[in-house]
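*Asks:* I would like the atomic coordinates for the input below:
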Amino acid sequence: MNSTILLALALALVLVLEGLGPMIYPKSWRKMILALANLPDPVLRRFGGALVVAGFVIYYMLRGRLGG
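*Replies:* Predicted coordinates:
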């Protein structure tokens, strides 16, 4: 598969997953966003960094399986 197509598919999957929360549980999603907005910056940075690391780990695991 072309790498551009894979990137587009990954973006599409992210958009689907990000949209599920507000679509299915709008009140809970809003509460979570408000709670995140009240966290201090260092905690948000740590949380964001953990998500980035998790994303890279998943990427390299899948890349190895797909032969890329």
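
*Asks:* elements contacting the helix or strand containing Met23?
*Replies:* Assigned by DSSP states H and E, Met23 belongs to helix 3-24. Contact partners of helix 3-24 among helices and strands, from 3 or more CB pairs under 8 Å, 6 or more residues apart in numbering; DSSP states H and E: helix 26-37. To be clear about C-beta, it is placed using only N, CA and C from the backbone, and glycine gets the same treatment.

*Asks:* what's the following helix or strand after the helix it packs on?
*Replies:* Next along the chain after helix 26-37, taking DSSP H and E as the criterion, comes helix 41-66.

*Asks:* tell me the pLDDT of the residue most central in space within the chain.
*Replies:* Closest residue to the average C-alpha location of the chain: Val14 at 6.1 Å, with CA atoms, centre = their mean. At Val14, the model reports a pLDDT of 91.

*Asks:* and Pro42, how far from Gly48?
*Replies:* 11 Å (CB to CB, to the nearest Å).

*Asks:* oops, could you answer that again for Val16 instead?
*Replies:* Counting by CB to CB - Val16 and Gly48 are separated by 21 Å.

*Asks:* re earlier: next, the angle from the helix holding Met23 to helix 26-37.
*Replies:* Interaxial angle, helix 3-24 versus helix 26-37 (axes from the mean of the first three to the mean of the last three CA atoms, to 10 degrees): 110 degrees.

*Asks:* also compute the angle for helix 3-24 relative to helix 41-66, please.
*Replies:* 130 degrees.
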